[in-house]
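K.L.:
The following block contains a protein sequence and its predicted model.
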Amino acid sequence: MITSPASPLGAHDRAMRILVAGGGISGLATAVALGKRGHHVLVLEQRPVFTESGAGVRLAPEGFQLLDRLGVGEAVRARSLTINEFRIMDGSTGKPVTSESLLAGCGWSCSAHATAHRLDVYEPLLEACWDLDSVQLCADSRVVGYTQHGESVVAALADGRSVTGDALILTDGARSLVHNDAQQACGASQEQLAVYSAVIPMELVASRWQGRAATSWVGVGWHVSHYPLPDYRYLSLSATRHRHTGDSLSGARVDLEQVLAAFPDIGYAARNALTMGEHWRAWTVLSRKSTSGRVRGRVALVGDIAQPARPLEVSGMHHALKDAVELGKSWDVSGGGARSWLAEYDARRGEQACDIRAGCGSRYGQTRWADDQALARPFLSTGTASDRFDGTPWGTSHFCGRGAGWAGHSAAEADPGHVRGRLITGTITSHPHNTPPPPS
C-alpha cells in the first residue's frame, strides 16, 4: 500500500491528493508547482532511483522565467553555458540561411539563451521536491493503467499495487500509456518523430563548430542540431526524422550506419556533422494531432505528450515547465475541485497554443523553410514582429518574437553511459564550474 505524504503546515482546506506518473523533469516540475500550493503530491517513478540521463538541452529566456517561478532558476543559471549565436543552415546545400546574435542587450543579470546538461535542470528540481514536506517520491512504481471512480482516480502499478488520488497527472514517463490511449481514441497509430542523439568529445569536433553557437541544419522532413555543453568538453548532437514509419524506438542503441540510413536525402555538409557521432541512442516521439484532449475528467497530460509537436519542437523541456507552472496558476483561479481545476488548465493551455499558431504559424505558408521558421520563433523570444516573415529575404536576420521558448530536442538527448549520467539516491553531487571556450 502506498500512502500519501503528510499534510504540510499551512495547507489550505482544499488540498488534494495528486498522483504524478513519471519522475523525470516533467514530473518533478509538476510536483514542485503543486506541492508549493499545499497539495499532497505522490510522484510514481518506474526506475529504481530518481535520476536523469542524457546530455544537453537548450533554454531560452522564457524557459529561465518558468524555472524562476518554480524557484530553481538561479541554480540552473549557475550551471548553464550562455549561447551567443543561433545559426540556421540549408541541410541540402550546406549553405548558411541566417544567423542571429543572442547577446545584444542581455548580460548575465537577465535570462539569456543557454545550454545545460539535463541533470543541471533535474537536480535543482529534485532538491526542491526534497524540501517540500507535501511531496513524496516513490521509485520502482511504474504506472500501467488507471480508472476513474466518481470523486477519485486509481492508478494501477506494474507490481500489482494500486494507489488512489483526487487527480492523476501523466508525464513523459507515462508515454507508453498515453500512446496506447491515443491509438484507442483515434483507431490508428498517430504520426511519430524519430530522434537520434549522441554526444561528441570536443576534441573530435571541427574547430568551426566549437564556438558558443547553436546550429540547426534543416531539410525537407528532417533536421540536425548541435551545440556545446556547459563544461565545454562535449558537443550535443541530435537528428530528427519527421513522419517516422519504422519500428518504435525507446532509447535503443544504434550505430552510425543506421542513423545515416534514416536520412538518405541529407546533404554532404550535414552528413559530415552526423559522422561526428559514434555512439547513438534513438527514440520515437508521438506527434499529437490536436491541442484538445489534455484532460479526461481527473486525468491530465503534461510535457511533450500533451503538446501537439511541430517537427522542430520535439523537446518536452519547455512544454513540461510551462505545463507545470500553468497547472499551479490554473488551481489559483479555479475555485477548487479537481475537475474544474483541470478544465481550467486545459482551456488555458489550449488558448496559448492557438495564440502561438495565430501569431506565427499562419504566416509561414507552404514553403521549404516553414518548419525552420517554426523553429526560430520559439527559440528567439526577443526577436522582431511576426510580420517580418512576410516576404522578407532569408539573407537577413529575422525572427518572430512571440514568447514561447525553445528548450532542446528530445525526451533524452544522449547515451546515459557517456555524459554526466549519475544516479540520484539521496545526495546531490557537485557540479564542475563552467570553463571558458577555447581561443578562437
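P.N.:
Looks like it came in fine. Computed from a prediction, not measured in an experiment: that's the story for all the values here. Numbering: from 1, shown residues only.

K.L.:
Show me the helices in the protein, by range?
P.N.:
All helices of the chain, identified by DSSP state H, fall at 25-35, 61-69, 73-79, 118-130, 175-186, 256-261, 268-274, 317-334, 338-359, 370-379.

K.L.:
Now the shortest one: buried residues?
P.N.:
Read that as helix 256-261. Across helix 256-261, burial judged by 16 or more other Cβ atoms under 10 Å covers 256, 259-260. Every C-beta, even on glycine, is put in place using the N, C-alpha and C of the backbone.

K.L.:
surely residue 59 meets residue 117?
P.N.:
No. Counting by Cβ atoms under 8 Å, residue 59 stays clear of residue 117, with 11.2 Å between them.

K.L.:
Is it correct that residue 334 is in contact with residue 341?
P.N.:
Yes. Using Cβ under 8 Å, residue 334 is in contact with residue 341, at 4.2 Å.

K.L.:
Looking at these two, which has the bigger crowd around it?
P.N.:
residue 341 (26 against 17; other Cβ atoms under 10 Å).

K.L.:
show me what contacts the more buried one?
P.N.:
For residue 341, the contacting residues are 167, 330-331, 334, taking Cβ atoms under 8 Å, 6 or more residues apart in numbering as the criterion.

K.L.:
Show the buried residues in those.
P.N.:
For those, buried by 16+ other Cβ under 10 Å: 167, 330-331, 334.

K.L.:
Quick one: those residues as JSON lines, columns for distance to residue 138 too.
P.N.:
Shown next, in JSON lines, are the buried ones among the contacts of residue 341 (distance: Cβ to Cβ, whole Å):
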{"residue": "167", "distance to residue 138": "17"}
{"residue": "330", "distance to residue 138": "25"}
{"residue": "331", "distance to residue 138": "22"}
{"residue": "334", "distance to residue 138": "27"}
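
K.L.:
quick check, nearest of those to residue 215?
P.N.:
Using Cβ to Cβ, residue 330 is the member of the buried ones among the contacts of residue 341 that lies nearest residue 215, at 36.9 Å.

K.L.:
can you pull the contacts of the closest one?
P.N.:
Per Cβ under 8 Å, 6+ apart, neighbours of residue 330: 341-342, 344-345, 348.

K.L.:
Mind doing that once more with 7 Å?
P.N.:
341, 344-345, 348 (Cβ atoms under 7 Å, 6 or more residues apart in numbering).

K.L.:
any idea how far it lies from residue 77?
P.N.:
Look at residue 330 and residue 77: by Cβ to Cβ, to the nearest Å, they are 27 Å apart.

K.L.:
Quick check: chain neighbours aside, which residue is closest to residue 128?
P.N.:
residue 32 (4.8 Å; Cβ to Cβ, 6 or more residues apart in numbering).

K.L.:
Serialize the buried residues of helix 256-261 to JSON lines and add fields for pLDDT and distance to residue 23.
P.N.:
What follows is the buried residues of helix 256-261, written out as JSON lines (pLDDT from 0 to 100; distance: Cβ to Cβ, whole Å):
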{"residue": "256", "pLDDT": "95", "distance to residue 23": "32"}
{"residue": "259", "pLDDT": "94", "distance to residue 23": "29"}
{"residue": "260", "pLDDT": "95", "distance to residue 23": "34"}
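
K.L.:
would CSV of these with distance to residue 113 be doable?
P.N.:
Formatted as CSV, the buried residues of helix 256-261 follow (distance: Cβ to Cβ, whole Å):
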residue, distance to residue 113
256, 30
259, 27
260, 30
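
K.L.:
Residue 225 pairs with what?
P.N.:
residue 216, residue 238 (DSSP bridges).

K.L.:
Run through the stretch 201-350 of the chain and note the low-pLDDT ranges.
P.N.:
For the stretch 201-350 of the chain, the stretches with pLDDT under 70 are 286-292, 306-316.

K.L.:
Apply 50 and report the result again.
P.N.:
Counting by pLDDT under 50, the stretch 201-350 of the chain contains low-confidence ranges at 290-291, 308-309, 311-314.

K.L.:
now swap in the stretch 51-200 of the chain and tell me
P.N.:
Using pLDDT under 50, the stretch 51-200 of the chain drops low at 104-109, 182-188.

K.L.:
What sits closest to residue 337 if chain neighbours are left out?
P.N.:
That would be residue 14: by Cβ to Cβ, 6+ apart, it lies 7.9 Å from residue 337.

K.L.:
Quick check: the gap between the one you found and residue 336.
P.N.:
For residue 14, the distance to residue 336 - Cβ to Cβ - is 4 Å.

K.L.:
again with residue 222
P.N.:
For residue 222, the distance to residue 336 - Cβ to Cβ - is 47 Å.

K.L.:
swap in residue 27?
P.N.:
Residue 27 is 23 Å from residue 336, by Cβ to Cβ.

K.L.:
residue contacts, residue 92?
P.N.:
Contacts for residue 92 (Cβ under 7 Å, 6+ apart) come out as 219, 267.

K.L.:
quick one, phi psi at it?
P.N.:
phi -90, psi -40 (degrees, to the nearest 10).

K.L.:
Just list the residues touching the closest residue to residue 146 other than its chain neighbours, thanks.
P.N.:
Distance criterion Cβ to Cβ, 6+ apart; nearest residue to residue 146, sequence neighbours excluded, is residue 155 at 4.9 Å. By Cβ under 7 Å, 6+ apart, residue 155 lies in contact with 19, 21, 44, 143, 146, 162-163, 168.

K.L.:
Can you flag the buried ones in those?
P.N.:
Burial by neighbour count, 16+ other Cβ under 10 Å: within these this picks out 19, 21, 44, 143, 146, 163, 168.

K.L.:
Any idea how many residues pack against residue 268?
P.N.:
Residues near residue 268, counting by other Cβ under 10 Å: 9.

K.L.:
which non-adjacent residue is nearest it?
P.N.:
Nearest one to residue 268, counting by Cβ to Cβ, 6+ apart, is residue 94 at 6.3 Å.

K.L.:
That's all I had, so thanks and see you.
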